[in-house]
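Peer 1: here is the input, now give the coordinates:
(one chain, ligands or ions: 1)
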Amino acid sequence: MSAEIIDGKKVAELVRNRVREDVNDWKSKGHRAPFLQVILVGDDPASKVYTGAKTKACEDVGIETHTRILQDTISAKELKSIIKAYNEDDSVDGILVQLPLPSHLSSHDVIETIDYRKDVDGFHPMNVGRLTVDEPCYRSCTPAGIMELFKHYSIPVKSKHAVVVGASNIVGSPMAIMLSRENSSGKATTTICHKFTKDLTQHTISADILIAAAGQPELIKGEMIKEGAVVIDVGINRVADETSEKGYKLVGDVDYESVRKKASWITPVPGGVGPMTVAMLMKNTLLAAKKSIYPE
Ligand code: L34
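Peer 2: Numbering: from 1, shown residues only. Here you go, the predicted structure:
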């Protein structure tokens with residue numbers, strides 16, 4: 001078997017097309033354009049690429065945006081007071097603080113400072129909590145984008161065994177919740193694996209759907225998966241590569257060559273999950289502008 005490719009770039013474009021139509025419709029009713037405030041602390045090269053992709057997507061769909069770049073020496077107090085000012089500002093619909101933050105800043109504290117009604121990343125405990133109990137909320141963009149991919153390709157999730165490798169707050173944990181809830185989109189039997197999992201293969205080998213979100217280059221090998229599994233690669237690792245112009249290449253958490261021979265579906269890196277993260281952010285920002293999740 002050779003896996004069919006899940007084209008995240010294409011599906012992301014379809015999502016953006018829908019958001020663009022909805023933004024136009026919203027504006028035609030006399031509303032101003034939705035506005036996303038991005039905050040970037042320091043000059044992490046990957047974060048610059050990702051926030052750049054977000055700015056570009058905003059331009060593409062008619063959302064206004066501004067990226068505030070702050071020095072990596074900023075104090076927690078200063079950063080929080082900047083966020084609070086955006087919380088109070090009615091012209092700001094969505095606020096996003098790009099992660100990771102420099103080590104002297106607590107991402108938990110910073111995220112909790114964001115008004116949950118403007119938390120378009122879906123990272124605030126109010127949104128995570130509401131996700132967990134099937135209440136309307138902003139859904140974390142990467143796992144929400146993966147659920148959108150399943151929907152687009154009519155990949156069944158219900159009653160399947162889904163295995164999530166990685167338990168981060170951004171991806172693994174909300175992914176497992178979305179996959180496992182009985183009342184919303186998931187309905188899968190779900191296993192979460194992490195650093196302390198003994199014998200990872202014992203779990204991955206039984207996955208109908210495998211989500212690799214551990215942040216470890218090429219962790220998942222062909223021999224670790226079941227024949228016909230659906231494999232979603234969330235990893236986006238920069239590995240040194242002298243032959244490339246940039247000096248690095250992107251590799252996922254999946255050993256693509258060995259896994260694609262056994263999987264039924266696979267996401268590539270790049271062009272898989274990454275563009276979906278950005279597209280779902282556009283969706284959340286429009287929801288924020290419409291105040292449709294937290295009406296006033
Ligand atoms: N606050 N921090 C916050 N929200 C997020 O949703 C993120 N994430 C993750 C890192 N920190 C965050 C992102 O934006 C990861 N992430 C992200 C966004 C976009 C892409 C990858 C990760 C992306 O566009 N990837 C392209 C390749 C880009 C490249 O050349 O490096 C792709 O095709 O996968």
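
Peer 1: going forward, measure contacts between C-alpha atoms and count neighbours the same way
Peer 2: Fine.

Peer 1: host element of residue 109?
Peer 2: Assessed by DSSP states H and E, residue 109 sits inside helix 107-113.

Peer 1: and that helix, what does it pack against?
Peer 2: Contacts defined by 3 or more Cα pairs under 8 Å, 6 or more residues apart in numbering; DSSP states H and E place helix 107-113 against helix 76-88.

Peer 1: in terms of secondary structure, what does the next helix or strand after the helix it packs on contact?
Peer 2: Moving toward the C-terminus from helix 76-88, the next helix or strand (DSSP H and E) is strand 94-97. Using 3+ Cα pairs under 8 Å, 6+ apart as the contact test, the elements touching strand 94-97 are strand 35-41, helix 273-290.

Peer 1: near the ligand, which residues of the protein show up?
Peer 2: Within the chain, the positions near the ligand by Cα under 6 Å from any ligand atom are 49-50, 53, 96-100, 121, 141, 269-275, 277-278.

Peer 1: of those, just the buried ones, ChimeraX syntax please.
Peer 2: Burial among the residues of the chain next to the ligand is assessed by 16 or more other Cα atoms under 10 Å; the matching ChimeraX selection reads:
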select :50,53,96,97,98,121,141,269,270,272,273,274,275,277,278
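
Peer 1: all the strands of this structure, residue numbers only.
Peer 2: 4-5, 35-41, 64-70, 94-97, 161-165, 189-193, 209-212, 230-233, 237-240, 248-251, 265-266 (DSSP state E).

Peer 1: those into TSV, with extra columns for distance to residue 84 and mean pLDDT?
Peer 2: Listed next are those as TSV, based on distance: least, Cα to Cα, whole Å; pLDDT from 0 to 100:
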stretch	distance to residue 84	mean pLDDT
strand 4-5	43	98
strand 35-41	12	99
strand 64-70	14	98
strand 94-97	10	98
strand 161-165	35	98
strand 189-193	35	98
strand 209-212	35	98
strand 230-233	35	98
strand 237-240	33	94
strand 248-251	36	96
strand 265-266	41	98
